[in-house]
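Visitor: Coordinates for the following, if possible.
(2 chains)
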Amino acid sequence: MTDILTEDRTRFDYLLRLGDDALILGQCLSEWCGHAPTLEVDLSLANIALDLVGQATHFLNAAGEAEGKGRDGDALAFRRDVLDFRNCLLVEQPNGDFAQTMARQLLFSTWQQLLFNALTASTDATIAAVAAKAVKEVTYHAELAAEWVIRLGDGTEESRRRMEAGLDWMWRFIPELFEMDAIAADAAARGIGADVTRLRAEYDARIAAVLAEATLERPRDQRPIVGGRRGHHSEHLGHVLAPMQYLQRTYPDAKW
Amino acid sequence: MSKDWPLWEVFVRARGGLSHRHVGSVHAPDGEIALRHARDTYTRRQEGVSLWVVPSAAIVASDPSDSDALFDPAADKIYRHPTFYNIPDDVKHI
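Guide: Down below sits the predicted model:
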């Protein structure tokens, strides 16, 4: 990072990370709409997706203000390409089957809940306010995901196999959640962001408790994959963005 | 999947002081998930502050073919309604 990190630069990047995490996972979950295993699960997933898109709207609008170039949340959501997204790699992983989706949800929502708890003390009024409101939503997301991981893990032979496969897929993206690069460190130093390394022990304990109740082994640690915060994404993100951005790219400034 | 899951009747308390009212049903593998399905299905628009879910199989229902015997006899028992009292004007809330 050769750029000098001004407060607005850090605030912009940090808000992008928060907003992009929520936006991309919200979009991925929306893909379940009409395809979930049952009508009830369909509604559960759509509710979570809408919560996340709501969070993204707040964070990305605030990011646009911090940037000061006239971009609002919509411009940031629909007019950026893969390299400019700052979400973690976990949220762009494919839905797979329902077990894989729940594995991703447990690992992300548990982290997001701890993060938002910490961010309620942010010196940035917008971040603190959104975190305070959203932490209730996220608490529910984490609980629901945990309930499903427990039932699928401690379920039938097939559900257990699928749950193990889902967790195996997602496990290597955990370390990125606790990465403190220059932006994260500067945000924490300024009181805008949180020091996520302090959340790791609690995170590990919560995940371990869910796995124990699900009678699942902790997945083997694999080589971590990082880079999402710098725009180095997997091939999946392009496929998430294409249908999401299609309309605004084909008919710029189209209004509802 | 849902056809393998039992049905649960959902009751919502709209706000403190009111009783829970039946609003519909959900499929779920157990009570805890049934509560969450009920939350996600029936309280998305601030409909309530408390939820009950009850296994539909636990409900004993009257048989529609018995309704003549069960309910018609009440039709001409007007003396069961407290309508033969003169209410003083000063009594407001009755």
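Visitor: The residue nearest to B:P29 when sequence neighbours are not counted: how many residues sit nearby?
Guide: Among residues not flanking B:P29 along the chain, B:W5 sits closest, at 5.2 Å (Cβ to Cβ, 6 or more residues apart in numbering or on different chains). (C-beta placed from N, C-alpha, C; glycine too.) Using other Cβ atoms under 10 Å in any protein chain shown, B:W5 is surrounded by 17 other residues.
Visitor: Correct me if wrong: B:W5 contacts B:H27.
Guide: Yes: when contacts are counted by Cβ atoms under 8 Å, B:W5 is listed as touching B:H27 (4.2 Å).
Visitor: who are the neighbours in contact with the residue lying closest to A:E164 once chain neighbours are set aside?
Guide: Leaving aside its sequence neighbours, A:E164 sits nearest to A:L216 (Cβ to Cβ, 6+ apart; 6.5 Å). The neighbours of A:L216, taking Cβ atoms under 8 Å, 6 or more residues apart in numbering or on different chains as the test, are A:V149, A:G153, A:D154, A:R160, A:M163, A:E164, A:L167.
Visitor: Close to chain B: what parts of the stretch 1-150 of chain A are there?
Guide: A:P37, A:T38, A:L39, A:E40, A:V41, A:L43, A:S44, A:N47, A:E143, A:L144, A:E147 (Cβ under 8 Å from any Cβ of the partner chain).
Visitor: Report the two of these separated the most.
Guide: Maximum pairwise distance among these (Cβ to Cβ): 20.6 Å, between A:L39 and A:E143.
Visitor: And the two? Which one has more around it.
Guide: Neighbour count, other Cβ under 10 Å: between A:L39 and A:E143, A:E143 has more, with 17 against 14.
Visitor: now the more buried one, nearest residue through space, not along the chain?
Guide: B:R36 (7.9 Å).
Visitor: quick one on the thing from earlier: now for B:W5 and B:H27: what residues contact both?
Guide: Common neighbours of B:W5 and B:H27 (Cβ under 8 Å, 6+ apart) are A:T38.
Visitor: which residues sit in contact with the nearest residue to B:A28 once chain neighbours are set aside?
Guide: Once flanking residues are discounted, B:A28 sits nearest to B:A34: 3.6 Å by Cβ to Cβ, 6+ apart. Neighbouring residues of B:A34 by Cβ under 8 Å, 6+ apart: B:W8, B:V10, B:V26, B:A28, B:V53.
Visitor: What residues sit buried inside the one helix or strand B:A34 maps to?
Guide: Using DSSP states H and E, B:A34 maps to helix B:31-42. Using 16 or more other Cβ atoms under 10 Å in any protein chain shown as the test for burial, helix B:31-42 gives B:I33, B:A34, B:L35, B:R36, B:H37, B:A38, B:R39, B:D40, B:T41, B:Y42.
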